[in-house]
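S.K.: I would like the atomic coordinates for the input below:
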Amino acid sequence: MLLKMTEEDKHYRWMVFGVTALATFMATLDAGIVNVALPAIARQLNVELSVVQWVISAYLLGISGLLPLFGKVSDIYGRRKIYLTGMGVFVLGSFLCCVSPAIWYLIISRIIQSVGASMLMANALAIVSTVFQGPERGRAMGLNSTFVALGSLAGPSLGGILIGNFTWQSIFYINIPIGIIALLFGYMLLPGDEKKVANPFDYIGAVLFVLFMTSLLLVISHGQDWGWNSSLIYSLFLVAMVTLGLFLWCEIHIEYPMIEMGLFKNDSLLSGTISAMLAYMALFSNNILLPFYLERVLCATPMQIGMIITPLPLLIAITAPVSGYLSEKINPATLTATGLFIMMGGLVYLASLNDYANVWHVVFSQVVMGLGNGLFQAPNNYSVLSSVSKEKVGLVGGINSLVRNVGMVSGVAVAVAVFESRSQQMFGSTTTAGSEHLAAFISGYHAAIIVAACLAGIGAVISFNRRKYLQK
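M.R.: Next up is the predicted model:
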């Protein structure tokens, strides 16, 4: 800590919060901006949807594997050190994204970004929790959630403005000045590190998990392109199954696992995590494909795409606090099931739209989906965390975050696989196809969104069936 202040100084505490909030805002802003940019990236770099999806998938997959690792590393080496290093790595990754000449350079740069983001996400709330005490801590945690919502809301609209007036690289340039400011203030303000003795980290489990997910996602994403009967797809599937088996064996037998498998004997926790994964699969199926539908079918500009996407995170931000309050009074299973059924309805409506639809039909579908997802999120988190003892809350919170990221990256892969399979059956269509392939594009889009609706519906049934474990 460069500035001579103490943690008893109220102004100092809130300045520290400002540093962590800036990083939180930047990380959530980045996710929303990239979704809007995907059509422009695919068009300029001349790649298919099955390839450009890795701009998102690589980032989410990196966070999934590295977040638990950096949580443990921070306990050993200190949160200040890891946080500042993470900010530097994130800025470096953003710069490399800006200068990437080809898609694979961009994907590697996104992996570097995910390393930095994992360092930041593993430490932001922990630093706030360390600096604040008593009632102020709860207020700071609540304000942190506000910055998450603000980043999610600003991402699509800001992305649309930037891409509408500049190139797609501009969405990554914006991270550089914000990151440098946060890095400088973090160096001056963040409290010094205390040496801690931490339990060993499950490095083998983390590596096996990332290998399993990467192999499985490659099979799902590229099976259509490479051939489902090809030796490469068979080999990747075999790698996925072997690494999954080894991962489960390690988690059951080692002393300090990445995921404590015994927790899943708790029916409420198991149902809640499965429902969350299905909900985020459905949500990100919409997030990955909708910008392409808006650009290619409705001929929307990047700025219009950003504005059309914004109602979904806006409704989540409005509904989530209300549903969190209601979960204290109504069985959370009822709220989560209702939310996912509403979300399914929004997806079914979206799947009914064709090239004659107007943007207000799409906006309506996003409002319905945002309402449903907002109604689901807080009660599901409440029920999952309430199903275990206080000593296990931190561990289960980490599992919850991991499941959310797995759902996101799996949803992207499944949606793209269904879209590519259906559209190629009709015309060999891809994201780079001409206007004569519009019917094939719409058919593939409808098929993928219907699958997403089914995922939300299955999640709703699972949520509803756990009501007996969550009686009020």
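
S.K.: ok now stretch 206-213, how far from the chain's centre?
M.R.: 18 Å (Cα atoms, centre = their mean, to the nearest Å).

S.K.: same question for stretch 208-221.
M.R.: Distance, centroid of stretch 208-221 to centroid of chain: 17 Å (Cα atoms, centre = their mean).

S.K.: contacts for that stretch, please.
M.R.: Contact partners of stretch 208-221, identified using Cβ atoms under 8 Å, 6 or more residues apart in numbering, comprise 50, 53-54, 57, 61, 64-65, 233, 236-237, 239-240, 243-244, 246-247, 250, 258, 406, 409-410, 413-414, 416-417. (Each C-beta comes from the backbone N, C-alpha and C, glycine too.)

S.K.: from those residues, which ones fall inside helices?
M.R.: Counting by DSSP state H, the contacts of stretch 208-221 place 50, 54, 57, 61, 64-65, 233, 236-237, 239-240, 243-244, 246-247, 250, 406, 409-410, 413-414, 416-417 in helices.

S.K.: and the helices in the stretch 151-300 of the chain, which stretches?
M.R.: 170-173, 175-189, 203-226, 231-253, 267-296 (DSSP state H, counting those that start in this stretch).

S.K.: mean neighbour count, those helices: which tops it?
M.R.: helix 267-296 (a mean of 24; mean count of other Cβ atoms under 10 Å).

S.K.: elements contacting whichever helix or strand comes after that helix?
M.R.: Counting by DSSP states H and E, the element after helix 267-296 in chain order, helix or strand, is helix 302-309. Helix 302-309 is packed against helix 10-45, helix 135-165, helix 267-296, helix 359-386, with contacts defined by 3 or more Cβ pairs under 8 Å, 6 or more residues apart in numbering; DSSP states H and E.

S.K.: again, only using 6 Å
M.R.: Helices and strands touching helix 302-309, by 3 or more Cβ pairs under 6 Å, 6 or more residues apart in numbering; DSSP states H and E, are helix 135-165, helix 359-386.

S.K.: turn the helices of the stretch 151-300 of the chain into TSV, including distance to residue 32.
M.R.: Below are the helices of the stretch 151-300 of the chain laid out as TSV (distance: least, Cβ to Cβ, whole Å):
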stretch	distance to residue 32
helix 170-173	10
helix 175-189	13
helix 203-226	22
helix 231-253	30
helix 267-296	9
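
S.K.: hey, least reliable of those by pLDDT?
M.R.: Per-stretch mean pLDDT for the helices of the stretch 151-300 of the chain is lowest at helix 203-226 (a mean of 82).

S.K.: now the angle from it to helix 231-253?
M.R.: 160 degrees (axes from the mean of the first three to the mean of the last three Cα atoms, to 10 degrees).

S.K.: pull the distance from helix 203-226 to the chain's centre.
M.R.: Worked out by Cα atoms, centre = their mean, helix 203-226 lies 17 Å from the chain centre.

S.K.: try stretch 86-102
M.R.: With Cα atoms, centre = their mean, you get 19 Å for stretch 86-102.

S.K.: same question for stretch 122-132.
M.R.: 21 Å.

S.K.: please renumber so the chain begins at 32
M.R.: Happy to do that; since the first residue is 32 now, the last one works out to stretch 153-163.

S.K.: now for the helices of the stretch 182-331 of the chain, which one comes closest to residue 456?
M.R.: Closest of these to residue 456 is helix 234-257, at 9.4 Å (criterion: Cβ to Cβ).

S.K.: by contact count, what packs against the helix or strand containing residue 434?
M.R.: Here residue 434 sits within helix 424-457, counting by DSSP H and E. Here helix 424-457 touches helix 80-83, helix 85-108, helix 234-257, helix 298-327, helix 390-417, helix 469-496, going by 3+ Cβ pairs under 6 Å, 6+ apart.

S.K.: any chance of the ones you listed in TSV, with distance to residue 201 too?
M.R.: Listed next are the helices and strands packed on helix 424-457 as TSV, based on distance: least, Cβ to Cβ, whole Å:
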stretch	distance to residue 201
helix 80-83	17
helix 85-108	15
helix 234-257	27
helix 298-327	16
helix 390-417	24
helix 469-496	27
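
S.K.: quick check: which of the ones you listed is nearest to residue 175?
M.R.: Using Cβ to Cβ, the helices and strands packed on helix 424-457 put helix 390-417 closest to residue 175, at 14.6 Å.

S.K.: okay, buried residues for that closest one please.
M.R.: 393-394, 396-397, 399-416 (16 or more other Cβ atoms under 10 Å).

S.K.: and for stretch 285-293?
M.R.: Here stretch 285-293 shows 288, 289, 290 as buried, counting by 16+ other Cβ under 10 Å.

S.K.: can I get that stretch as CSV, trimmed to CA atoms?
M.R.: Taking C-alpha atoms only, stretch 285-293 is exported to CSV below (Å, rounded to 0.1, in the frame of the first residue of the first chain):
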residue,chain,number,x,y,z
ILE,A,285,-7.5,-37.1,-2.9
GLU,A,286,-7.6,-35.2,0.4
TYR,A,287,-8.2,-31.7,-1.0
PRO,A,288,-10.2,-32.0,-4.2
MET,A,289,-11.1,-29.2,-6.6
ILE,A,290,-14.7,-30.3,-6.2
GLU,A,291,-15.9,-32.2,-3.1
MET,A,292,-18.0,-34.9,-4.8
GLY,A,293,-19.7,-35.9,-1.5
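
S.K.: for the record, mean pLDDT for it?
M.R.: 79.

S.K.: residues in contact with stretch 43-60?
M.R.: 36, 148, 151, 155, 158-159, 162-163, 171, 178-179, 182-183, 185-186, 209, 213, 216-217, 220 (Cβ atoms under 6 Å, 6 or more residues apart in numbering).

S.K.: 8 Å instead?
M.R.: 34, 36-38, 114, 118, 121, 148, 151-152, 155-156, 158-159, 162-163, 167, 171, 174-175, 178-179, 181-183, 185-186, 189, 205-206, 209-210, 212-213, 216-217, 220-222.

S.K.: also stretch 183-198?
M.R.: 56, 59-68, 71, 75, 201-202, 205, 332-338, 340-341, 344-345, 347-348.

S.K.: show me what counts as buried in that stretch.
M.R.: Buried residues in stretch 183-198 (16+ other Cβ under 10 Å): 183-195.

S.K.: okay, the residues you listed in CSV with pLDDT and distance to residue 250 next?
M.R.: Shown next, in CSV, are the buried residues of stretch 183-198 (pLDDT from 0 to 100; distance: Cβ to Cβ, whole Å):
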residue, pLDDT, distance to residue 250
183, 75, 30
184, 76, 35
185, 82, 35
186, 82, 30
187, 83, 30
188, 83, 36
189, 86, 35
190, 86, 30
191, 85, 33
192, 88, 37
193, 88, 34
194, 88, 32
195, 84, 36
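
S.K.: just those residues now: which is nearest residue 135?
M.R.: residue 194 (21.4 Å).
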